[in-house]
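**Student:** need a 3D model of the following:
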Amino acid sequence: MKILALAGTIITYFFAIIGLVGLFYLDWISGIFLIVAAFLMAAMFAVLLRIIFKSIREKKYWTTIRQIVVTICAIFGFFVTFTIGFVVYNNYISPAKLANVTLQNDQWQKVVFVKMSHIATEKFFEKKKNSLQNLNNENYTFLAEGVGTGTTDSETRINEIMGFDFTNLGYAQIAEIFGFTEQKNTLYDSISPEKIKNVDLTLDEIFSLVWEKNPQQETMMESQNLEESLQLIASLSDHQRNIMREILTSLLNMMIKMTDYQIAQIEKNRDTSPIFHFLYVILNERNKPVVDYIISHPDENIAVVYGALHFPGILQWLQQKDASWKIISVEPFLPYSQD
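**Tutor:** I've put the predicted structure just below:
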């Protein structure tokens with residue numbers, strides 16, 4: 001029993017030390033950890049109340065103070081350890097991958113789905129650009145993602161429904177928060193414009209589809225102020241900014257790895273929630289023209305340069321139209337790794 005008590009004491013003081021160190025560096029808590037923190041805080045107060053009442057009865061006031069301090073530091077240390085473990089696992093042990101996935105059917109037509117992200121590292125975009133050049137050398141046709149412009153009325157009404165300026169998303173500003181860069185059209189610099197096709201929906205078409213489920217123009221999101229976030233980041237020290245970006249990047253990696261879950265939730269809730277219906281339109285409805293182009297051009301090998309969330313739906317529809325479509329190779333790329 002003495003050995004177990006000693007081990008427990010050592011572990012407690014270990015987390016307490018981590019907690020004290022963490023107090024100097026972690027000035028804020030990312031949203032996903034608030035739930036964990038709430039449970040830990042509830043447990044902490046329960047333990048503290050028990051210690052306080054017991055010590056008061058026994059008149060051991062110094063012991064009470066010591067136990068309170070150690071308990072607080074130990075619980076905070078556990079939280080810091082959990083956060084570090086989460087970051088290390090998602091950013092370094094098992095980071096997200098955005099692959100180039102090659103598909104082929106029985107007619108030997110090939111489709112390479114080039115999974116993209118609106119924000120990523122410079123190195124990621126450079127590697128993707130090189131892969132597009134290789135496909136260009138093999139005479140591929142490129143389907144480039146890009147919602148077509150619409151009328152001023154459609155733009156205004158879409159923005160009102162979304163609660164922010166959907167037609168002018170600040171990817172450069174978002175990338176700055178993460179310490180990354182935004183995707184640029186320089187990906188296609190060495191490719192002839194005649195080989196680049198855009199079959200994406202226009203903003204007018206998207207608005208028409210969104211309007212079907214949201215005729216009252218219910219606002220789906222609260223306005224997001226990127227300027228405030230940028231000002232917050234500017235006020236942080238370099239060390240604090242690096243910690244924040246590590247945590248945000250770990251969340252981003254986790255989200256990419258949860259693609260199937262996200263798509264399932266969109267499919268499940270699209271008939272009951274305006275925001276999920278909007279996301280369904282943005283994903284599934286924009287997949288249809290891509291699949292139609294592939295099916296109607298059986299003599300072309302095609303590179304689909306779209307966001308990663310579009311891949312499962314496009315593959316599913318291709319296989320519904322022709323069961324012989326299958327994955328023959330996967331070339332992984334790390335979008336958020338600096339290595």
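**Student:** every contact and neighbour count from this point should use C-alpha atoms.
**Tutor:** Fine.
**Student:** pretty sure I247 sits against Y89.
**Tutor:** No: look at I247 against Y89 with C-alpha atoms under 8 Å: they stay out of range, at 11.1 Å.
**Student:** low-confidence bits of the stretch 151-300 of the chain, can you list those?
**Tutor:** Within the stretch 151-300 of the chain, the ranges that satisfy pLDDT under 70 run 158-170, 212-231, 234.
**Student:** strands along that one, start to end?
**Tutor:** 181-182, 196-197 (DSSP state E, counting those that start in this stretch).
**Student:** give me whichever of those strands is most buried.
**Tutor:** strand 181-182 (a mean of 20; mean count of other C-alpha atoms under 10 Å).
**Student:** domain map for this protein?
**Tutor:** 2-93, 100-331 (automatic domain parsing).
**Student:** can you lay out the strands of the stretch 151-300 of the chain as JSON lines showing distance to Q338?
**Tutor:** Listed next are the strands of the stretch 151-300 of the chain as JSON lines, based on distance: least, C-alpha to C-alpha, whole Å:
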{"stretch": "strand 181-182", "distance to Q338": "12"}
{"stretch": "strand 196-197", "distance to Q338": "30"}
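**Student:** got a list of contacts for the helix or strand hosting F142?
**Tutor:** F142 is part of strand 141-144, with elements assigned from DSSP states H and E. Taking contacts as C-alpha atoms under 8 Å, 6 or more residues apart in numbering, the residues outside strand 141-144 that touch it are 195-199, 290, 300-306.
**Student:** give me that answer again for 7 Å
**Tutor:** K195, I196, K197, N198, E300, N301, I302, A303, V304, V305, Y306 (C-alpha atoms under 7 Å, 6 or more residues apart in numbering).
**Student:** what about F113, which SS state?
**Tutor:** Following DSSP: H, G, I helix; E, B strand; the rest coil, F113 is assigned to strand.
**Student:** okay, it and K123: tell me how far apart.
**Tutor:** Relative to K123, F113 is positioned 19 Å away (C-alpha to C-alpha, to the nearest Å).
**Student:** among these two, which residue is more densely surrounded?
**Tutor:** A direct count of neighbours by other C-alpha atoms under 10 Å for F113 and K123 places F113 higher, at 24 against 18.
**Student:** tell me what that one is bridged to.
**Tutor:** V101, V304 (DSSP bridges).
**Student:** so it sits against Q104, correct?
**Tutor:** No: with contacts defined as C-alpha atoms under 7 Å, F113 does not count as touching Q104, sitting 11.1 Å away.
**Student:** would you list every one of the helices in the stretch 101-250 of the chain?
**Tutor:** Using DSSP state H, counting those that start in this stretch, the helices of the stretch 101-250 of the chain run over residues 122-137, 152-162, 171-178, 203-213, 226-235, 238-257.
**Student:** against Y293, how distant is F333?
**Tutor:** 26 Å.
**Student:** residues near F124, how many?
**Tutor:** The burial count for F124: 22, using other C-alpha under 10 Å.
**Student:** just give the nearest non-adjacent residue to it, would you?
**Tutor:** Distances taken as C-alpha to C-alpha, 6 or more residues apart in numbering place P335 nearest to F124, at 5.3 Å, with adjacent residues excluded.
**Student:** how about W325?
**Tutor:** That would be N105: by C-alpha to C-alpha, 6+ apart, it lies 4.2 Å from W325.
**Student:** thinking the one you found is in contact with I328, fair?
**Tutor:** No: with contact defined as C-alpha under 7 Å, N105 does not count as touching I328 (9.7 Å).
**Student:** which of those two has more neighbours?
**Tutor:** Shown here are N105 and I328; by other C-alpha under 10 Å, N105 has more neighbours (18 against 12).
**Student:** now L98: how far from V87?
**Tutor:** L98 is 19 Å from V87, by C-alpha to C-alpha.
**Student:** oops, could you answer that again for N185 instead?
**Tutor:** 31 Å.
**Student:** kindly report the same for E205.
**Tutor:** In terms of C-alpha to C-alpha, E205 sits 40 Å off from V87.
**Student:** which one of those two is surrounded by more residues?
**Tutor:** Remark: of E205 and V87, V87 carries more neighbours, 22 against 19, as counted by other C-alpha under 10 Å.
**Student:** okay, I247 and Y89: which has more neighbours?
**Tutor:** Neighbour comparison, I247 and Y89: the larger count goes to I247, with 21 against 15 (by other C-alpha under 10 Å).
**Student:** skipping its backbone neighbours, what lies nearest that one in space?
**Tutor:** In space, and not counting its chain neighbours, I247 is closest to V87: 5.9 Å by C-alpha to C-alpha, 6+ apart.
**Student:** ok, that neighbour - contacts?
**Tutor:** For V87, the contact set (C-alpha under 7 Å, 6+ apart) comprises E246, I247, S250.
**Student:** can you put those residues in JSON lines and add distance to G179?
**Tutor:** Output for the contacts of V87, formatted as JSON lines (distance: C-alpha to C-alpha, whole Å):
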{"residue": "E246", "distance to G179": "10"}
{"residue": "I247", "distance to G179": "12"}
{"residue": "S250", "distance to G179": "13"}
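**Student:** just curious, which of those is nearest to N269?
**Tutor:** Proximity of the contacts of V87 to N269, judged by C-alpha to C-alpha, is greatest for S250, which lies at 26.4 Å.
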